[in-house]
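Trainee: Provided below are the primary sequence and the corresponding predicted coordinates.
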Amino acid sequence: MSQIIDKAEAGQNARQYHIDVAPGEVGTVALLPGDPFRVPLIAELLTDVTDVAHNREHRTMTGFYKGKLITATSTGMGCPSTAIAVEELARVGVTSFIRVGSSAGLQPGVNPGDLLVSEGTLRNDGTTAAYAHPGFPAVPDLELTLALRAAALALPGAGTDYHVLSGINASDDAFYAETPAWIAELNSLGILNVEMESSALYVVSRLRGLRAGMICACSSNLVDGTSLYDHDAGALKRGWQNSIIAALDAAVALDL
Ligand SMILES: O=P(O)(O)O[C@H]1O[C@H](CO)[C@@H](O)[C@H]1O
Ligand SMILES: O=c1cc[nH]c(=O)[nH]1
């Protein structure tokens, strides 16, 4: 049995198997959208952009924002590929992660384009069960969370064109298994919004001594009739851009 591999040791200081990134190719802070097609949207706000890698769902670009080297890597959808992205980015030098995602509102009045800062996640996923006891909290870094909220509130349209809200979100594994009963339960618990990656992001980051936070743009609302399928896509895109700017400003403010 001496040939059994120890994955905690394997692949350190090497080009990473899934993200195809090597040490020296990225900075210390990474923005994490789910969608690889949103990585260039982040790069539009950077200078001296480098297209580092694109393997499977993980696209990585780097560039500078206000003098700071920023990395953007897509996680793909869900906790399994997010855990892989965080583990592998940490192996090549990233120490802070900011998820910039889309997320559905679970309370009335959360509108497409609103910015949602996460204070913690209900772990309705399978991946983190492999990492930690079910009672282990999935929580972001406090200082980073406060910096994200401050940066979002400082944006020109905040409070006029869109709301900046913060609260607990849920991470679900199964987008199409969210029944009306489950949505109603999350709503009655006061959960603000639901997405699919923060559970893994927070638990893996805590266990590995990394910092993580999340700011999402609301894509739709599951309780007030703002349908996922017919909403104004422009509001979501503006929300993504605003969340990305807030994340970049927080990364600079904390010198992550
Ligand atoms: O737009 P992203 O960041 O992928 O986030 C949300 O969108 C996907 C579901 O449509 C899930 O990944 C969910 O978390
Ligand atoms: O973004 C998300 C994630 C889960 N479920 C949704 O309806 N939207």
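Mentor: Perfect, I can see it now. Ligands and ions are numbered 1, 2, ... in the order given.
Trainee: where along this protein do the helices fall?
Mentor: Residue ranges of the helices in the chain, as given by DSSP state H, are 39-43, 79-91, 142-153, 180-188, 198-208, 233-254.
Trainee: Need those in a markdown table (columns: mean neighbour count, distance to residue 127 and mean pLDDT).
Mentor: All C-beta atoms are positioned from the backbone trio N, CA, C, and that covers glycine. Output for those, formatted as a markdown table (neighbours: other CB atoms under 10 Å; distance: least, CB to CB, whole Å; pLDDT from 0 to 100):
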| stretch | mean neighbour count | distance to residue 127 | mean pLDDT |
| --- | --- | --- | --- |
| helix 39-43 | 19 | 22 | 98 |
| helix 79-91 | 23 | 4 | 98 |
| helix 142-153 | 20 | 22 | 98 |
| helix 180-188 | 14 | 19 | 98 |
| helix 198-208 | 25 | 5 | 98 |
| helix 233-254 | 21 | 23 | 95 |
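Trainee: Is it possible to get TSV of these that adds distance to residue 103?
Mentor: Formatted as TSV, the entries for the helices of the chain read as follows, by distance: least, CB to CB, whole Å:
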stretch	distance to residue 103
helix 39-43	17
helix 79-91	14
helix 142-153	14
helix 180-188	12
helix 198-208	9
helix 233-254	10
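Trainee: Can you lay out those as TSV showing distance to ligand 2?
Mentor: Converted to TSV, these look like this (distance: least, CB to the nearest ligand atom, whole Å):
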stretch	distance to ligand 2
helix 39-43	17
helix 79-91	12
helix 142-153	18
helix 180-188	8
helix 198-208	11
helix 233-254	10
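Trainee: Looking at these, spot the one closest to residue 169.
Mentor: Relative to residue 169, the nearest member of the helices of the chain by CB to CB is helix 198-208, separated by 6.4 Å.
Trainee: Quick one: list the elements packing against that closest one.
Mentor: In terms of contact count using 3 or more CB pairs under 8 Å, 6 or more residues apart in numbering; DSSP states H and E, helix 198-208 is assigned the packing partners helix 79-91, strand 96-105, strand 115-124, strand 164-172, strand 211-221.
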